[in-house]
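Enquirer: this one's sequence-less:
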Ligand SMILES: Nc1ncnc2c1ncn2[C@@H]1O[C@H](COP(=O)(O)OP(=O)(O)OP(=O)(O)O)[C@@H](O)[C@H]1O
C-alpha cells in the first residue's frame, strides 16, 4: 500500500486528548503484508514450512508482537500519566504555598466570593412579558423638572464637594446635582409651608440628593439610615408627577393610578398612606392646586370603604403586594398609565419572600416605569441584583448600607434567660415613655405584655397572629400616647415612625443583624437621640454576637467585655475596612458561608410559603 493511504494509529488512551499531537505514531501495515514478512523471517530462520506448523509459529510471533506493542503503549501511557501527575502536584503545591500566605480572613473572603457567584443566577427583576418579548428600556423616563439655573451652572466638582459635605456617596452616570434647599427643588408652596410647620425645614442628606434624582425621572437605589426621612424622598416625586398629569388633563373615574408605593407590611403601608394623604391635602388646601386621590390597598380592610376614591380616579396607590395583585387581577384598576414604582424597605421586597409577587406586579405595567428602591439596609447581593434590573440607576448612599443610626446609644447587656422578665421592669425605668420592647417570638410578646399588665404597666402588643383590628388598636393607642409601652415582634420594626420613642428594649436579639438595625432605629429619629438596650445571653448565637460587636465598633459605641473577648479570624480585615459586610445580610461578623439570612431564605424558598409576619398577604 502506498504510504499516503496509510492511516495513523493513535494510542488508545482515554486519558489523553485525542486531538493532541501523538508521539507514539506507528504506521499501519496491513495484516497480509505483515504475515508475508513474518513467513519470510521464518524461512530465513530455517523453520519447517509445514502449513500447520507455520501457522502455530506465526500465531506465537503475533502474540509476542502484540504483547510487545501493548507493553510499549502501557509504558507510554504511564510516562504521560506521571508527567500529568507531577504537573498537578506542582500546581497544587504552588496553590498551597500561595494559600499559606493568605490570612484566614482573605480565605474566607474568597469562599464568600465563590458562593456569591453561585447564588447570583437570579432572573432579572422585570415582568415576564418584558423578559419574554425581550423588551429592554435603555433610557430613563423624561420629566419636565429641571434644577434651578444656579444649580445647573455648578461644576461637577462643586456638586461632588457638596456630596462630601453631607457624606453622600453616589454611583451611576449623569447624576443630577444635590440641592440644599427645599425651595430650590420647585416643590409647590403649600407643601413647603406644611413641612415647615412640622419642623421639616431643610432636606436631610438622602433627600437633598435623592429628590433631585427622582424628580429627574431616574431610577434610584436610595440607602440611608433609619429615621433619615426616606419617606418624603420617595413620596414627593410621585405627588409631583401626579400633579403634572392631573394639571394636564384631570382624572375621571376609572383612570389612574400614576404610581404605586409598595410596602412589605400593612402597618408600614398604612403609615406611608397617611403621609401621602396629609401632603396631598396640604397641597390642595388653599384651592390653588387640585386634589390628588390616594388609595390604600392592604389586606384586612374592606376596599368598599374607599369607593369614593374609585369614583374619582386614582393618582397614588400605597399597597402591600398580596392585596395589590388581587385588585389588579380583579381589574378594580389597571396599570395602563402607571409609570412610577417605588418599593420601601426594598431589600425585603425583592428578596426571596416577595420576589415573585414583585415580578407579578411588574407584569401589569404596560409602559416604561421609573423604579425607586429605598431602604436602610441593602446588602450587596440585593444592590447588584437591583442594579441589573433598573435603567441607568443612580445609587445614593448615606453611610454604610446596614449601619446603625449614630443617634442611638446602644447598650448591650448580658442577662440570664430566667432573669430577663424581672430585669425588664428595672430597665423600663431608664427613660420616660414611650418605650418599645421587641421579641422575636410571638408567644414571648404575649407573655411580656401579660407580665407588664400585671405589674400595672400600660402595654399593648402587636405581632403577626393578631387580627387587623388588634394591630390597628395597638398602633393608634401607642402613637397617641394613650399607652406607654408597645411589645412587638419584627413586624413593627421596619419603617414605623412613632413619635419620640425614648427607649427601645430588645428582649431577644434577632438572628439577623439587619433586623436589629431596624429595631433600634425606632428611636433616634429625625435628628433626636435615643437609647437601645439589648439583652443577650448564652442562647444568642456567637455569630450574631460578632455581628453585634462590629456594629457597635463601627458606630463608636462601648463594646462590653463579654463581646470584646470573642475571637474572630477576620478582625484585622474588619479593622482595615477591607471587609464591608456579608453580601447577603450586611453583617460584619460573618461571611456568606455561615450567613443566617441565606439559610433562612433557602429554607423559606423550599417551604415556599410565607408566614403571617411577612405582612404582605391580605
Ligand atoms: N428634612 C427633615 N427634617 C426634619 N425631620 C424630617 C425631615 N424629613 C423627614 N423628617 C421626619 O423624620 C422622621 C423619620 O422619617 P421617615 O419615617 O421617612 O424615616 P425613614 O428614613 O423612612 O426611616 P426607616 O428606615 O426607619 O423607615 C419622620 O417623623 C419625618 O417627619
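Expert: Thanks, I have the structure now. All values reported here derive from a predicted model rather than from experimental measurement.
Enquirer: what residue ranges in the stretch 501-618 of the chain score low on pLDDT?
Expert: Filtered on pLDDT under 70, the stretch 501-618 of the chain yields the residue ranges 569-580, 583-584, 592-593, 597-618.
Enquirer: near the ligand, which residues of it show up?
Expert: Along the stretch 501-618 of the chain, the residues adjacent to the ligand under the rule CB under 6 Å from any ligand atom are 521, 525-526. In short, each C-beta sits where N, CA and C put it, glycine included.
Enquirer: Which of those residues sits closest to residue 265?
Expert: The closest of these to residue 265 turns out to be residue 521 (CB to CB; 14.8 Å).
Enquirer: Tell me how far residue 544 lies from the ligand.
Expert: Distance, residue 544 to the ligand, by CB to the nearest ligand atom, to the nearest Å: 21 Å.
Enquirer: Give me the neighbour count for that residue.
Expert: Neighbour count of residue 544, defined by other CB atoms under 10 Å: 20.
Enquirer: That one is in contact with residue 508, isn't it?
Expert: No - at 10.7 Å, residue 544 and residue 508 do not qualify as touching, with contact defined as CB atoms under 8 Å.
Enquirer: circling back: please tabulate the residues of the stretch 501-618 of the chain next to the ligand in TSV, including the columns neighbour count and secondary structure.
Expert: What follows is those, written out as TSV (neighbours: other CB atoms under 10 Å; DSSP: H, G, I helix; E, B strand; the rest coil):
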residue	neighbour count	secondary structure
521	28	coil
525	22	coil
526	15	coil
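Enquirer: of these, closest to residue 467?
Expert: Out of these, the one with the shortest distance to residue 467 is residue 521. That distance is 26.6 Å, counting by CB to CB.
Enquirer: ok, that closest one - contacts?
Expert: The neighbours of residue 521, taking CB atoms under 8 Å, 6 or more residues apart in numbering as the test, are 225-227, 376, 404-405, 408, 493.
Enquirer: Once you drop chain neighbours, what's closest to it?
Expert: Excluding its sequence neighbours, the residue lying closest to residue 521 (CB to CB, 6 or more residues apart in numbering) is residue 226, at 2.5 Å.
Enquirer: Where does that neighbour sit, in terms of helix or strand?
Expert: Counting by DSSP states H and E, no helix or strand carries residue 226.
Enquirer: Number of residues surrounding it?
Expert: Number of residues near residue 226 (other CB under 10 Å) recorded here: 26.
Enquirer: Which residues are in contact with it?
Expert: Here residue 226 is in contact with 376, 405, 517-518, 520-522, 524-525 (criterion: CB under 8 Å, 6+ apart).
Enquirer: Return the residues of the stretch 201-350 of the chain in contact with the ligand.
Expert: So the stretch 201-350 of the chain meets the ligand at 203-204, 207, 224, 226-232 (CB under 6 Å from any ligand atom).
Enquirer: let's go with 5 Å and repeat that
Expert: The stretch 201-350 of the chain comes close to the ligand at residues 204, 226-232, as judged by CB under 5 Å from any ligand atom.
Enquirer: For the stretch 301-450 of the chain, which residue gets nearest to the ligand?
Expert: Closest approach between the stretch 301-450 of the chain and the ligand, counting by CB to the nearest ligand atom: residue 376, at 4.0 Å.
Enquirer: How confident was the prediction at that residue?
Expert: The pLDDT attached to residue 376 in the predicted structure is 89.
Enquirer: Residue 222 is in contact with that one, correct?
Expert: No - with contact defined as CB under 8 Å, residue 376 and residue 222 do not form a contacting pair (9.9 Å).
Enquirer: Quick check: neighbours shared by the two?
Expert: Contact with both residue 376 and residue 222 is made by residues residue 230, according to CB under 8 Å, 6+ apart.
Enquirer: Quick check: mean pLDDT of stretch 169-183?
Expert: When pLDDT is averaged along stretch 169-183, the result is 96.
Enquirer: Which secondary structure element is home to residue 281?
Expert: Using DSSP H and E, the element containing residue 281 is helix 266-284.
Enquirer: Which element is encountered next along the chain beyond that helix?
Expert: Tracing the chain past helix 266-284, the next element assigned as helix or strand by DSSP H and E is strand 294-297.
Enquirer: what sits up against that next one?
Expert: Outside of strand 294-297, the residues within contact range by CB under 8 Å, 6+ apart are 257, 269-270, 273, 276-277, 280, 303, 306, 309-310, 314-320, 323-324, 327, 333.
Enquirer: Spit out the contact partners of residue 520.
Expert: If you count contacts by CB under 8 Å, 6+ apart, then residue 520 has 226, 404-405, 408, 410, 504, 506, 532, 534 around it.
Enquirer: Not counting sequence-adjacent ones, nearest residue to it?
Expert: Nearest in space to residue 520, with sequence neighbours left out and distances taken as CB to CB, 6+ apart, is residue 532 at 3.8 Å.
Enquirer: and that neighbour, helix, strand or coil?
Expert: Reducing the assignment at residue 532 to three states with DSSP: H, G, I helix; E, B strand; the rest coil gives strand.
Enquirer: who does it bridge with?
Expert: Taking DSSP bridges, one finds residue 410, residue 504 as the beta-bridge partners of residue 532.
Enquirer: Pull up the distance across stretch 196-212, start to finish.
Expert: Taking CA to CA, to the nearest Å, the first and last residues of stretch 196-212 lie 19 Å apart.
Enquirer: Next, the buried residues of it.
Expert: By neighbour count, and taking 16 or more other CB atoms under 10 Å as the criterion, the buried residues in stretch 196-212 are 200, 203-212.
Enquirer: just checking, which of these belong to helices?
Expert: The helices in this structure, assigned by DSSP state H, contain 205-212 from the buried residues of stretch 196-212.
Enquirer: out of these, who's nearest the ligand?
Expert: Of all these, the one with the least separation from the ligand (CB to the nearest ligand atom) is residue 207, at 5.6 Å.
Enquirer: give me every residue that touches the nearest residue to that closest one once chain neighbours are set aside.
Expert: The shortest distance from residue 207 to any non-neighbouring residue, by CB to CB, 6+ apart, is to residue 233 (4.8 Å). Under the criterion of CB under 8 Å, 6+ apart, the contact list for residue 233 reads 206-207, 210-211, 214, 222, 374.
Enquirer: Check which helix or strand residue 233 maps to.
Expert: Short version: residue 233 belongs to helix 230-248, going by DSSP H and E.
Enquirer: before we move on, what about residue 486?
Expert: Since the elements are taken from DSSP H and E, residue 486 ends up inside strand 485-488.
Enquirer: Please list the residues outside that strand that contact it.
Expert: Outside of strand 485-488, the residues that reach it under the criterion CB under 8 Å, 6+ apart are 428, 433-439, 445, 448-449, 452, 457-463, 474-475, 478, 492, 498.
Enquirer: which phi and psi does the closest residue in space to residue 328 that isn't next to it in sequence have?
Expert: For residue 328, the nearest residue in space outside its immediate sequence neighbours is residue 364; the separation is 4.9 Å by CB to CB, 6+ apart. Reported as degrees, to the nearest 10, the phi and psi values for residue 364 are phi -90, psi -10.
Enquirer: Give me the distance between the strand holding residue 486 and the centre of its chain.
Expert: Here the centre of strand 485-488 is set off from its chain's centre by 28 Å, with CA atoms, centre = their mean, to the nearest Å.
Enquirer: Report the buried residues of that strand.
Expert: 485-488.
Enquirer: model confidence over it, on average?
Expert: pLDDT averaged over strand 485-488 equals 96, rounded to a whole number.
Enquirer: Partner strands of it, with direction?
Expert: Take DSSP bridges as the rule and strand 485-488 pairs in its sheet with strand 435-438 (parallel), strand 459-462 (parallel).
Enquirer: which of the ones you listed is buried the deepest?
Expert: Here the criterion is mean neighbour count by mean count of other CB atoms under 10 Å, and of the strands paired with strand 485-488 the winner is strand 435-438, at a mean of 26.
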